[in-house]
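Participant: This is a predicted model, with the sequence first.
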Amino acid sequence: MLEVFKSTLPFLVHGLWITFQISLITIISGSFLGFVVGLVRAERIPVLSPVLGGYIHVLRGTPFLVHLYFVYFMLPATGVSWLQLEAFPAAVIALSLYTSTYVAEIVRAAIEAVAPGQSEAARSVGMTAVQNLWHIVLPQAVKLMIPPMGGIYVIIIKGTSIVSVIGISELVRAGEHAAQRHPSELMLIYGMVALMYFVYCYPVLRLAKWAENKIGRIQTEH
Amino acid sequence: MDWILDFYNYRVVAQFIPEFQRGLLSTAGISAVSLVIALVVGTLSAIMSLSARPWLRNISGAYIASIRSTPLLIQIYVIYFALPALPILGRRLDEWEGGILALGLNAGAFMSEIIRAGIESVERGQIEGAKSVGMNYVQRMRYIVLPQGIARVLPPLLGQTAVLIKDSSLVSFIGVYELFGAGLTLLNERLMPNEAFLTVAGCYLLIYYGMFLLSNRVQRKLGGAYA
(Lines give C-alpha, C1' and ligand atoms only; values in the text may rest on other atoms or scores of the structure.)
Protein backbone atom coordinates (compact mmCIF):
# COMPACT_ATOMS: atom_id res chain seq x y z
CA MET A 1 0.00 0.00 0.00
CA LEU A 2 2.82 2.38 0.91
CA GLU A 3 4.56 1.40 -2.33
CA VAL A 4 1.48 2.30 -4.36
CA PHE A 5 1.15 5.55 -2.45
CA LYS A 6 4.74 6.49 -3.17
CA SER A 7 4.63 5.53 -6.84
CA THR A 8 1.33 7.22 -7.67
CA LEU A 9 1.79 10.43 -5.68
CA PRO A 10 3.97 12.20 -8.31
CA PHE A 11 1.42 11.45 -11.07
CA LEU A 12 -1.46 12.71 -8.98
CA VAL A 13 0.44 15.85 -8.02
CA HIS A 14 1.08 16.49 -11.70
CA GLY A 15 -2.66 15.99 -12.35
CA LEU A 16 -3.43 18.49 -9.60
CA TRP A 17 -1.06 20.94 -11.27
CA ILE A 18 -2.99 20.64 -14.57
CA THR A 19 -6.29 21.03 -12.68
CA PHE A 20 -4.82 24.14 -11.06
CA GLN A 21 -3.82 25.57 -14.44
CA ILE A 22 -7.20 24.94 -16.07
CA SER A 23 -9.11 26.36 -13.12
CA LEU A 24 -6.92 29.46 -12.96
CA ILE A 25 -7.21 30.23 -16.69
CA THR A 26 -10.95 29.59 -16.55
CA ILE A 27 -11.67 31.80 -13.54
CA ILE A 28 -10.00 34.68 -15.37
CA SER A 29 -11.59 34.18 -18.80
CA GLY A 30 -14.97 33.10 -17.37
CA SER A 31 -15.09 36.09 -15.02
CA PHE A 32 -14.28 38.49 -17.83
CA LEU A 33 -16.96 37.06 -20.09
CA GLY A 34 -19.45 36.84 -17.22
CA PHE A 35 -18.72 40.43 -16.21
CA VAL A 36 -19.61 41.70 -19.68
CA VAL A 37 -22.78 39.58 -19.82
CA GLY A 38 -23.80 40.64 -16.30
CA LEU A 39 -23.21 44.31 -17.10
CA VAL A 40 -25.41 44.09 -20.20
CA ARG A 41 -28.11 42.33 -18.17
CA ALA A 42 -27.98 44.85 -15.30
CA GLU A 43 -28.07 47.87 -17.62
CA ARG A 44 -30.98 46.28 -19.53
CA ILE A 45 -29.47 47.14 -22.91
CA PRO A 46 -32.23 46.55 -25.50
CA VAL A 47 -32.03 43.41 -27.69
CA LEU A 48 -28.67 42.33 -26.22
CA SER A 49 -30.03 41.86 -22.71
CA PRO A 50 -32.83 39.41 -23.58
CA VAL A 51 -30.52 37.54 -25.98
CA LEU A 52 -27.93 37.07 -23.25
CA GLY A 53 -30.75 36.13 -20.86
CA GLY A 54 -31.55 33.31 -23.26
CA TYR A 55 -27.85 32.37 -23.37
CA ILE A 56 -27.81 32.08 -19.57
CA HIS A 57 -30.99 29.99 -19.49
CA VAL A 58 -29.80 27.61 -22.21
CA LEU A 59 -26.44 27.03 -20.49
CA ARG A 60 -28.07 26.71 -17.07
CA GLY A 61 -30.62 24.27 -18.43
CA THR A 62 -28.15 21.78 -19.87
CA PRO A 63 -25.41 19.75 -18.16
CA PHE A 64 -21.80 20.89 -18.49
CA LEU A 65 -21.04 17.55 -20.10
CA VAL A 66 -23.26 18.60 -23.03
CA HIS A 67 -21.42 21.95 -23.36
CA LEU A 68 -18.10 20.14 -23.38
CA TYR A 69 -19.17 17.71 -26.11
CA PHE A 70 -20.70 20.60 -28.02
CA VAL A 71 -17.41 22.50 -28.09
CA TYR A 72 -15.19 19.48 -28.61
CA PHE A 73 -17.24 17.44 -31.12
CA MET A 74 -19.79 19.74 -32.72
CA LEU A 75 -17.72 22.83 -33.45
CA PRO A 76 -15.06 20.88 -35.41
CA ALA A 77 -17.86 19.24 -37.41
CA THR A 78 -18.80 22.66 -38.80
CA GLY A 79 -15.63 22.49 -40.90
CA VAL A 80 -14.45 25.99 -39.94
CA SER A 81 -10.70 25.76 -39.50
CA TRP A 82 -10.29 27.85 -36.33
CA LEU A 83 -12.99 25.79 -34.61
CA GLN A 84 -10.90 22.60 -34.91
CA LEU A 85 -10.03 22.82 -31.24
CA GLU A 86 -7.50 20.74 -29.37
CA ALA A 87 -8.67 19.18 -26.11
CA PHE A 88 -7.13 21.80 -23.83
CA PRO A 89 -8.58 24.94 -25.47
CA ALA A 90 -11.91 23.13 -25.93
CA ALA A 91 -11.99 22.38 -22.19
CA VAL A 92 -11.09 25.94 -21.24
CA ILE A 93 -13.68 27.43 -23.62
CA ALA A 94 -16.47 25.12 -22.45
CA LEU A 95 -15.65 25.76 -18.79
CA SER A 96 -15.44 29.52 -19.38
CA LEU A 97 -18.87 29.61 -21.01
CA TYR A 98 -20.28 27.58 -18.11
CA THR A 99 -18.58 29.84 -15.55
CA SER A 100 -19.74 33.02 -17.28
CA THR A 101 -23.41 32.24 -16.59
CA TYR A 102 -22.75 32.07 -12.84
CA VAL A 103 -20.56 35.18 -12.86
CA ALA A 104 -23.12 37.11 -14.94
CA GLU A 105 -25.85 36.47 -12.38
CA ILE A 106 -23.56 37.61 -9.55
CA VAL A 107 -22.49 40.76 -11.39
CA ARG A 108 -26.08 41.63 -12.19
CA ALA A 109 -27.27 41.01 -8.62
CA ALA A 110 -24.37 43.05 -7.21
CA ILE A 111 -25.04 46.02 -9.49
CA GLU A 112 -28.75 45.88 -8.69
CA ALA A 113 -27.95 45.71 -4.97
CA VAL A 114 -26.35 49.18 -5.03
CA ALA A 115 -28.97 51.59 -3.68
CA PRO A 116 -30.75 53.46 -6.51
CA GLY A 117 -30.24 56.74 -4.65
CA GLN A 118 -26.55 56.49 -5.49
CA SER A 119 -27.20 56.56 -9.24
CA GLU A 120 -29.86 59.23 -8.89
CA ALA A 121 -27.49 61.47 -6.95
CA ALA A 122 -24.70 60.87 -9.49
CA ARG A 123 -26.94 61.71 -12.42
CA SER A 124 -28.30 64.81 -10.65
CA VAL A 125 -24.80 66.27 -10.27
CA GLY A 126 -24.40 65.87 -14.01
CA MET A 127 -22.52 62.58 -14.40
CA THR A 128 -23.13 60.65 -17.61
CA ALA A 129 -24.43 57.09 -17.42
CA VAL A 130 -20.91 55.76 -18.02
CA GLN A 131 -19.37 58.03 -15.38
CA ASN A 132 -22.06 56.97 -12.93
CA LEU A 133 -21.33 53.30 -13.62
CA TRP A 134 -17.56 53.68 -13.45
CA HIS A 135 -17.18 56.05 -10.49
CA ILE A 136 -20.23 55.31 -8.36
CA VAL A 137 -21.92 51.96 -9.01
CA LEU A 138 -19.10 49.58 -9.93
CA PRO A 139 -16.76 50.42 -7.01
CA GLN A 140 -19.57 49.56 -4.60
CA ALA A 141 -20.81 46.57 -6.60
CA VAL A 142 -17.39 44.95 -7.04
CA LYS A 143 -17.03 44.63 -3.28
CA LEU A 144 -20.31 42.71 -3.13
CA MET A 145 -19.12 40.33 -5.86
CA ILE A 146 -16.11 39.10 -3.91
CA PRO A 147 -17.74 36.57 -1.52
CA PRO A 148 -19.81 34.64 -4.10
CA MET A 149 -16.81 34.47 -6.45
CA GLY A 150 -15.20 32.04 -3.99
CA GLY A 151 -18.12 29.69 -4.52
CA ILE A 152 -17.77 30.09 -8.29
CA TYR A 153 -14.08 29.23 -8.12
CA VAL A 154 -14.92 25.98 -6.32
CA ILE A 155 -17.58 25.19 -8.94
CA ILE A 156 -14.90 25.62 -11.63
CA ILE A 157 -12.38 23.44 -9.81
CA LYS A 158 -14.99 20.71 -9.49
CA GLY A 159 -16.03 21.24 -13.10
CA THR A 160 -12.49 20.56 -14.30
CA SER A 161 -12.94 16.93 -13.17
CA ILE A 162 -15.35 16.41 -16.09
CA VAL A 163 -12.89 17.49 -18.79
CA SER A 164 -11.02 14.24 -18.11
CA VAL A 165 -13.51 12.69 -20.55
CA ILE A 166 -11.94 14.44 -23.57
CA GLY A 167 -8.51 13.16 -22.58
CA ILE A 168 -6.97 15.97 -20.54
CA SER A 169 -4.62 14.48 -17.98
CA GLU A 170 -5.89 16.43 -15.00
CA LEU A 171 -6.39 15.01 -11.53
CA VAL A 172 -9.27 12.59 -12.25
CA ARG A 173 -7.55 11.30 -15.39
CA ALA A 174 -4.32 10.81 -13.43
CA GLY A 175 -6.35 8.89 -10.85
CA GLU A 176 -7.89 6.69 -13.56
CA HIS A 177 -4.46 5.84 -14.95
CA ALA A 178 -3.16 5.01 -11.49
CA ALA A 179 -6.26 2.87 -10.90
CA GLN A 180 -5.52 0.88 -14.06
CA ARG A 181 -1.97 0.20 -12.88
CA HIS A 182 -2.99 -0.77 -9.34
CA PRO A 183 -6.52 -2.21 -9.58
CA SER A 184 -6.36 -3.57 -6.05
CA GLU A 185 -5.82 -0.19 -4.41
CA LEU A 186 -8.79 1.75 -5.77
CA MET A 187 -9.86 3.03 -2.37
CA LEU A 188 -6.41 4.46 -1.72
CA ILE A 189 -6.08 6.05 -5.16
CA TYR A 190 -9.52 7.63 -5.38
CA GLY A 191 -9.24 8.59 -1.72
CA MET A 192 -6.01 10.45 -2.52
CA VAL A 193 -7.65 12.17 -5.50
CA ALA A 194 -10.63 13.22 -3.38
CA LEU A 195 -8.29 14.47 -0.65
CA MET A 196 -6.37 16.59 -3.16
CA TYR A 197 -9.55 18.24 -4.40
CA PHE A 198 -10.52 18.81 -0.77
CA VAL A 199 -7.21 20.45 0.04
CA TYR A 200 -7.64 22.74 -2.96
CA CYS A 201 -11.34 23.60 -2.52
CA TYR A 202 -11.94 23.69 1.22
CA PRO A 203 -9.72 26.71 1.98
CA VAL A 204 -11.41 28.61 -0.87
CA LEU A 205 -14.84 27.84 0.60
CA ARG A 206 -13.70 28.95 4.06
CA LEU A 207 -12.28 32.14 2.60
CA ALA A 208 -15.55 32.81 0.78
CA LYS A 209 -17.48 32.26 4.02
CA TRP A 210 -15.13 34.63 5.85
CA ALA A 211 -15.53 37.28 3.13
CA GLU A 212 -19.30 36.85 3.26
CA ASN A 213 -19.32 37.54 7.00
CA LYS A 214 -17.17 40.62 6.48
CA ILE A 215 -18.81 42.09 3.39
CA GLY A 216 -22.32 40.66 3.45
CA ARG A 217 -24.20 38.59 0.92
CA ILE A 218 -26.27 39.41 -2.12
CA GLN A 219 -29.29 37.47 -3.27
CA THR A 220 -28.73 35.65 -6.54
CA GLU A 221 -31.40 33.62 -8.25
CA HIS A 222 -30.59 30.07 -9.16
CA MET B 1 -34.39 21.98 -47.19
CA ASP B 2 -31.17 20.11 -47.70
CA TRP B 3 -29.20 22.41 -45.44
CA ILE B 4 -31.34 21.35 -42.48
CA LEU B 5 -30.63 17.69 -43.18
CA ASP B 6 -26.93 18.53 -43.46
CA PHE B 7 -26.89 20.30 -40.13
CA TYR B 8 -29.42 18.24 -38.22
CA ASN B 9 -30.70 15.06 -39.81
CA TYR B 10 -33.99 14.62 -37.99
CA ARG B 11 -34.66 11.39 -39.89
CA VAL B 12 -31.72 9.77 -38.15
CA VAL B 13 -32.88 11.19 -34.83
CA ALA B 14 -36.33 9.71 -35.49
CA GLN B 15 -34.74 6.26 -35.77
CA PHE B 16 -33.26 6.74 -32.32
CA ILE B 17 -36.48 7.86 -30.62
CA PRO B 18 -36.77 4.61 -28.61
CA GLU B 19 -33.21 5.16 -27.28
CA PHE B 20 -33.98 8.73 -26.27
CA GLN B 21 -37.25 7.66 -24.66
CA ARG B 22 -35.44 5.03 -22.63
CA GLY B 23 -32.79 7.59 -21.72
CA LEU B 24 -35.33 10.19 -20.62
CA LEU B 25 -37.22 7.67 -18.50
CA SER B 26 -33.97 6.48 -16.97
CA THR B 27 -32.85 10.06 -16.20
CA ALA B 28 -36.25 10.73 -14.61
CA GLY B 29 -36.06 7.55 -12.51
CA ILE B 30 -32.49 8.13 -11.37
CA SER B 31 -33.29 11.73 -10.46
CA ALA B 32 -36.45 10.78 -8.58
CA VAL B 33 -34.76 8.13 -6.40
CA SER B 34 -31.74 10.38 -5.81
CA LEU B 35 -34.07 13.22 -4.83
CA VAL B 36 -35.72 11.06 -2.17
CA ILE B 37 -32.31 10.08 -0.77
CA ALA B 38 -31.17 13.72 -0.89
CA LEU B 39 -34.25 15.00 0.93
CA VAL B 40 -34.00 12.37 3.68
CA VAL B 41 -30.24 12.79 4.15
CA GLY B 42 -30.48 16.56 3.79
CA THR B 43 -33.23 16.90 6.40
CA LEU B 44 -31.37 14.64 8.86
CA SER B 45 -28.14 16.55 8.32
CA ALA B 46 -29.93 19.90 8.72
CA ILE B 47 -31.49 18.79 12.02
CA MET B 48 -28.11 17.46 13.20
CA SER B 49 -26.39 20.73 12.30
CA LEU B 50 -28.82 22.58 14.60
CA SER B 51 -28.42 20.10 17.45
CA ALA B 52 -27.13 21.09 20.88
CA ARG B 53 -24.72 18.12 20.84
CA PRO B 54 -21.36 19.09 19.30
CA TRP B 55 -20.61 15.62 17.90
CA LEU B 56 -23.83 15.63 15.85
CA ARG B 57 -23.00 19.10 14.52
CA ASN B 58 -19.50 17.90 13.63
CA ILE B 59 -20.77 14.88 11.68
CA SER B 60 -23.10 17.10 9.65
CA GLY B 61 -20.35 19.70 9.14
CA ALA B 62 -17.84 17.10 7.96
CA TYR B 63 -20.39 15.58 5.57
CA ILE B 64 -21.25 18.95 4.01
CA ALA B 65 -17.62 20.10 3.79
CA SER B 66 -16.40 16.88 2.18
CA ILE B 67 -19.21 16.83 -0.40
CA ARG B 68 -18.92 20.52 -1.25
CA SER B 69 -15.13 20.38 -1.60
CA THR B 70 -14.87 17.39 -3.94
CA PRO B 71 -16.26 16.91 -7.47
CA LEU B 72 -19.34 14.74 -7.96
CA LEU B 73 -17.43 12.63 -10.47
CA ILE B 74 -14.91 11.59 -7.82
CA GLN B 75 -17.73 10.88 -5.37
CA ILE B 76 -19.30 8.57 -7.96
CA TYR B 77 -15.94 6.85 -8.52
CA VAL B 78 -15.28 6.39 -4.81
CA ILE B 79 -18.73 4.89 -4.18
CA TYR B 80 -18.84 2.75 -7.31
CA PHE B 81 -15.21 1.62 -7.77
CA ALA B 82 -13.66 1.88 -4.35
CA LEU B 83 -16.39 0.83 -1.94
CA PRO B 84 -15.91 -2.81 -0.87
CA ALA B 85 -18.75 -5.34 -0.61
CA LEU B 86 -21.44 -4.12 1.76
CA PRO B 87 -22.26 -6.49 4.63
CA ILE B 88 -26.01 -5.78 4.33
CA LEU B 89 -26.16 -6.64 0.61
CA GLY B 90 -23.40 -9.26 0.67
CA ARG B 91 -22.07 -7.81 -2.60
CA ARG B 92 -20.76 -4.59 -4.09
CA LEU B 93 -23.08 -1.88 -5.40
CA ASP B 94 -23.85 -2.13 -9.10
CA GLU B 95 -23.54 0.92 -11.36
CA TRP B 96 -27.18 1.96 -10.88
CA GLU B 97 -27.09 1.75 -7.08
CA GLY B 98 -23.68 3.39 -6.86
CA GLY B 99 -24.62 6.21 -9.22
CA ILE B 100 -27.94 6.91 -7.50
CA LEU B 101 -26.40 6.78 -4.01
CA ALA B 102 -23.60 9.18 -5.03
CA LEU B 103 -26.06 11.59 -6.65
CA GLY B 104 -28.34 11.46 -3.61
CA LEU B 105 -25.54 12.02 -1.10
CA ASN B 106 -24.16 14.86 -3.23
CA ALA B 107 -27.48 16.70 -3.55
CA GLY B 108 -28.23 15.94 0.12
CA ALA B 109 -25.33 18.12 1.29
CA PHE B 110 -26.52 21.11 -0.72
CA MET B 111 -30.14 20.54 0.31
CA SER B 112 -29.07 20.25 3.94
CA GLU B 113 -27.91 23.85 3.91
CA ILE B 114 -31.11 25.01 2.22
CA ILE B 115 -33.34 23.09 4.67
CA ARG B 116 -31.28 24.37 7.59
CA ALA B 117 -32.00 27.94 6.49
CA GLY B 118 -35.68 27.03 6.27
CA ILE B 119 -35.74 25.55 9.79
CA GLU B 120 -33.93 28.59 11.17
CA SER B 121 -36.52 30.89 9.59
CA VAL B 122 -39.34 29.40 11.70
CA GLU B 123 -40.15 31.87 14.50
CA ARG B 124 -39.23 31.00 18.09
CA GLY B 125 -42.84 31.58 19.11
CA GLN B 126 -43.90 28.58 17.02
CA ILE B 127 -41.54 26.30 18.94
CA GLU B 128 -42.49 27.82 22.28
CA GLY B 129 -46.15 27.37 21.44
CA ALA B 130 -45.56 23.73 20.52
CA LYS B 131 -43.65 23.19 23.77
CA SER B 132 -46.41 24.80 25.80
CA VAL B 133 -49.01 22.38 24.44
CA GLY B 134 -46.73 19.53 25.52
CA MET B 135 -45.17 18.40 22.24
CA ASN B 136 -41.83 16.60 22.51
CA TYR B 137 -38.86 17.30 20.21
CA VAL B 138 -39.85 14.82 17.51
CA GLN B 139 -43.45 16.07 17.46
CA ARG B 140 -42.32 19.69 17.27
CA MET B 141 -40.07 18.90 14.32
CA ARG B 142 -42.58 16.69 12.57
CA TYR B 143 -45.71 18.83 12.94
CA ILE B 144 -44.52 22.41 13.48
CA VAL B 145 -40.99 23.21 12.35
CA LEU B 146 -40.33 21.06 9.27
CA PRO B 147 -43.62 21.70 7.44
CA GLN B 148 -43.21 25.47 7.72
CA GLY B 149 -39.45 25.51 7.25
CA ILE B 150 -39.42 23.31 4.15
CA ALA B 151 -42.38 25.12 2.57
CA ARG B 152 -40.45 28.38 2.77
CA VAL B 153 -37.40 26.99 0.96
CA LEU B 154 -39.29 25.03 -1.71
CA PRO B 155 -38.12 27.33 -4.56
CA PRO B 156 -34.36 26.86 -3.82
CA LEU B 157 -34.99 23.15 -3.26
CA LEU B 158 -36.53 22.96 -6.72
CA GLY B 159 -33.52 24.82 -8.11
CA GLN B 160 -31.23 22.26 -6.48
CA THR B 161 -33.39 19.50 -7.97
CA ALA B 162 -32.81 21.00 -11.43
CA VAL B 163 -29.07 20.82 -10.72
CA LEU B 164 -29.48 17.20 -9.60
CA ILE B 165 -31.19 16.29 -12.89
CA LYS B 166 -28.35 17.87 -14.88
CA ASP B 167 -25.74 16.22 -12.68
CA SER B 168 -27.32 12.83 -13.30
CA SER B 169 -25.65 12.97 -16.74
CA LEU B 170 -22.40 12.10 -14.95
CA VAL B 171 -23.52 8.57 -14.07
CA SER B 172 -23.04 7.80 -17.78
CA PHE B 173 -19.30 7.71 -16.87
CA ILE B 174 -19.79 4.46 -14.95
CA GLY B 175 -21.94 2.93 -17.67
CA VAL B 176 -25.48 3.77 -16.54
CA TYR B 177 -27.74 4.24 -19.55
CA GLU B 178 -29.59 7.56 -19.33
CA LEU B 179 -30.33 10.57 -21.52
CA PHE B 180 -26.70 11.47 -22.13
CA GLY B 181 -25.90 7.81 -22.78
CA ALA B 182 -28.62 7.79 -25.44
CA GLY B 183 -26.82 10.68 -27.14
CA LEU B 184 -23.52 8.81 -26.91
CA THR B 185 -25.16 5.77 -28.54
CA LEU B 186 -26.23 7.89 -31.51
CA LEU B 187 -22.76 9.45 -31.71
CA ASN B 188 -21.00 6.10 -31.64
CA GLU B 189 -23.29 4.36 -34.14
CA ARG B 190 -23.65 7.18 -36.69
CA LEU B 191 -20.78 9.57 -35.87
CA MET B 192 -23.22 12.48 -35.93
CA PRO B 193 -22.38 14.87 -33.09
CA ASN B 194 -24.98 17.51 -34.03
CA GLU B 195 -27.86 15.08 -34.03
CA ALA B 196 -26.63 13.43 -30.83
CA PHE B 197 -25.94 16.44 -28.64
CA LEU B 198 -28.53 18.92 -29.91
CA THR B 199 -31.19 16.32 -29.20
CA VAL B 200 -29.79 15.62 -25.74
CA ALA B 201 -29.53 19.35 -25.04
CA GLY B 202 -33.11 19.83 -26.23
CA CYS B 203 -34.37 17.11 -23.88
CA TYR B 204 -32.52 18.62 -20.89
CA LEU B 205 -33.88 22.07 -21.79
CA LEU B 206 -37.41 20.64 -21.82
CA ILE B 207 -36.88 19.22 -18.33
CA TYR B 208 -35.35 22.51 -17.18
CA TYR B 209 -38.29 24.46 -18.60
CA GLY B 210 -40.71 22.16 -16.77
CA MET B 211 -38.85 22.73 -13.49
CA PHE B 212 -38.84 26.47 -14.17
CA LEU B 213 -42.63 26.54 -14.63
CA LEU B 214 -43.10 24.41 -11.51
CA SER B 215 -40.87 26.70 -9.47
CA ASN B 216 -42.79 29.80 -10.61
CA ARG B 217 -46.08 28.13 -9.72
CA VAL B 218 -44.82 27.17 -6.27
CA GLN B 219 -43.49 30.67 -5.70
CA ARG B 220 -46.86 32.17 -6.64
CA LYS B 221 -48.68 29.72 -4.38
CA LEU B 222 -46.39 30.42 -1.43
CA GLY B 223 -46.24 34.14 -2.15
CA GLY B 224 -49.40 34.82 -0.20
CA ALA B 225 -48.45 32.70 2.78
CA TYR B 226 -44.80 33.60 3.26
CA ALA B 227 -43.85 36.70 1.33
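Facilitator: Here it is on my side, so go on.
Participant: Helices of chain A, residue ranges please.
Facilitator: In chain A, the segments counted as helices under DSSP state H are A:2-42, A:48-61, A:64-69, A:75-77, A:87-113, A:116-124, A:129-131, A:138-159, A:171-181, A:186-215.
Participant: Can you tell me which of the ones you listed has the worst average pLDDT?
Facilitator: Sorting the helices of chain A by mean pLDDT places helix A:75-77 lowest, at a mean of 81.
Participant: anything in that one near chain B?
Facilitator: Yes: Helix A:75-77 reaches chain B (Cβ under 8 Å from any Cβ of the partner chain) through A:A77. Where C-beta positions appear, they are placed from N, C-alpha and C, glycine not excepted.
Participant: So which bits of that helix are buried?
Facilitator: A:L75 (16 or more other Cβ atoms under 10 Å in any protein chain shown).
Participant: Switch the helices of chain A over to TSV; also include distance to B:G42.
Facilitator: Shown next, in TSV, are the helices of chain A (distance: least, Cβ to Cβ, whole Å):
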stretch	distance to B:G42
helix A:2-42	27
helix A:48-61	22
helix A:64-69	23
helix A:75-77	38
helix A:87-113	22
helix A:116-124	37
helix A:129-131	45
helix A:138-159	18
helix A:171-181	26
helix A:186-215	18
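Participant: A:A90: what's it in contact with?
Facilitator: Residues near A:A90 by Cβ atoms under 8 Å, 6 or more residues apart in numbering or on different chains: A:68, A:71-72, A:75, A:166.
Participant: now with 6 Å?
Facilitator: A:71-72 (Cβ atoms under 6 Å, 6 or more residues apart in numbering or on different chains).
Participant: B:P54: neighbour count?
Facilitator: 9 (other Cβ atoms under 10 Å in any protein chain shown).
Participant: how far away is it from B:M48?
Facilitator: 11 Å (Cβ to Cβ, to the nearest Å).
Participant: Show residues contacting stretch B:82-99.
Facilitator: Contacts for stretch B:82-99 (Cβ under 6 Å, 6+ apart): A:186-187, A:190, B:79-80, B:171, B:174-176.
Participant: quick one: terminal-to-terminal distance for it?
Facilitator: End-to-end distance for stretch B:82-99: 13 Å, by Cα to Cα, to the nearest Å.
Participant: which phi and psi does B:R91 have?
Facilitator: With angles defined as degrees, to the nearest 10, B:R91 sits at phi -150, psi 180.
Participant: how about the residues of chain B near chain A?
Facilitator: B:69-71, B:73-74, B:77-78, B:81-82, B:159, B:166, B:169, B:193-194, B:197, B:200-201, B:204-205, B:208 (Cβ under 6 Å from any Cβ of the partner chain).
Participant: out of those residues, which are inside helices?
Facilitator: Using DSSP H, the residues of chain B next to chain A in helices are B:73-74, B:77, B:159, B:166, B:193-194, B:197, B:200-201, B:204-205, B:208.
Participant: If any of those residues are buried, put those into a ChimeraX selection.
Facilitator: Those of these that count as buried under 16+ other Cβ under 10 Å are selected in ChimeraX with:
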select /B:73,74,77,159,166,193,194,197,200,201,204,205,208
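Participant: which non-adjacent residue is nearest the residue of chain B found nearest chain A?
Facilitator: Residue nearest to chain A within chain B: B:Y208 (3.2 Å; Cβ to the nearest Cβ). Of all residues not flanking B:Y208 in the chain, A:G61 sits nearest, at 3.2 Å (Cβ to Cβ, 6 or more residues apart in numbering or on different chains).
Participant: thinking that neighbour is in contact with B:L205, fair?
Facilitator: Yes: using Cβ atoms under 6 Å, A:G61 makes contact with B:L205 at a distance of 4.6 Å.
Participant: Surely B:S112 and B:A46 touch.
Facilitator: Yes: under the criterion of Cβ under 6 Å, B:S112 is in contact with B:A46, at a separation of 4.8 Å.
Participant: B:G98: which element?
Facilitator: Element membership of B:G98 [criterion: DSSP states H and E] is helix B:95-120.
Participant: could you point out which element follows that helix?
Facilitator: Helix B:95-120 is succeeded, C-terminally, by helix B:124-132 (DSSP H and E).
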